[in-house]
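Colleague: Provided below are the primary sequence and the corresponding predicted coordinates.
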Amino acid sequence: GPSWNNCDFETNLCKVLPEFHLQPGWIRRNGQSGVGPPYSDHNGNESAYFLSLSSEMQSSSASLRTSVFLPTDEEHLCQIRFHYWVSQMNGTFMVGLQKDSEDTVTNIWQVSGELRNQWNINTITVNSTEKFEV
């Protein structure tokens, strides 16, 4: 059956996103942190934590990398569902796939421009015959 790894950032990061402190630019915060919007998580909870780009990073890029996932097949699909908020006028949020045998990251989804300053939700399905990271 399907097994879900839920990642809510309430106590720390999560198994899906390891070694968070090595990824410059990202901060774990909540809506009460005084940094600016969003002022709550996707459920409207002001004290719930989420990941956010620090304001110093607004002109550059920062990445998050998952742990290594095992290959997918008909029985074991990989679906990643996430809530996201895009506020910068020129910001782009991209999801990339890196397979075990490849050095490059292939862009598999991106959003920019529309639906700003609100929480949105997306689910991507990853198919890979080898180990991969997202």
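Modeller: Structure received.

Colleague: look up how far S55 lies from the closest residue to S101 other than its chain neighbours.
Modeller: Nearest non-adjacent residue to S101, counting by C-beta to C-beta, 6 or more residues apart in numbering: E130, 6.0 Å away. Where you see a C-beta, it was placed from the backbone N, CA and C, and this is true even at glycine. Distance, E130 to S55, by C-beta to C-beta, to the nearest Å: 38 Å.

Colleague: circling back: neighbours around the residue nearest to S101, how many?
Modeller: 11 (other C-beta atoms under 10 Å).

Colleague: can you confirm it is in a strand?
Modeller: No: with DSSP: H, G, I helix; E, B strand; the rest coil as the criterion, E130 is coil rather than part of a strand.

Colleague: was I right to think it contacts K99?
Modeller: Yes: using C-beta atoms under 8 Å, E130 is in contact with K99, at 5.2 Å.

Colleague: circling back to that earlier point, so for the residue nearest to S101, what pLDDT did the model give?
Modeller: As predicted, E130 sits at a pLDDT of 96.

Colleague: what's the answer for P71, then?
Modeller: 95.

Colleague: buried residues in stretch 95-112?
Modeller: V95, L97, Q98, K99, V105 (16 or more other C-beta atoms under 10 Å).
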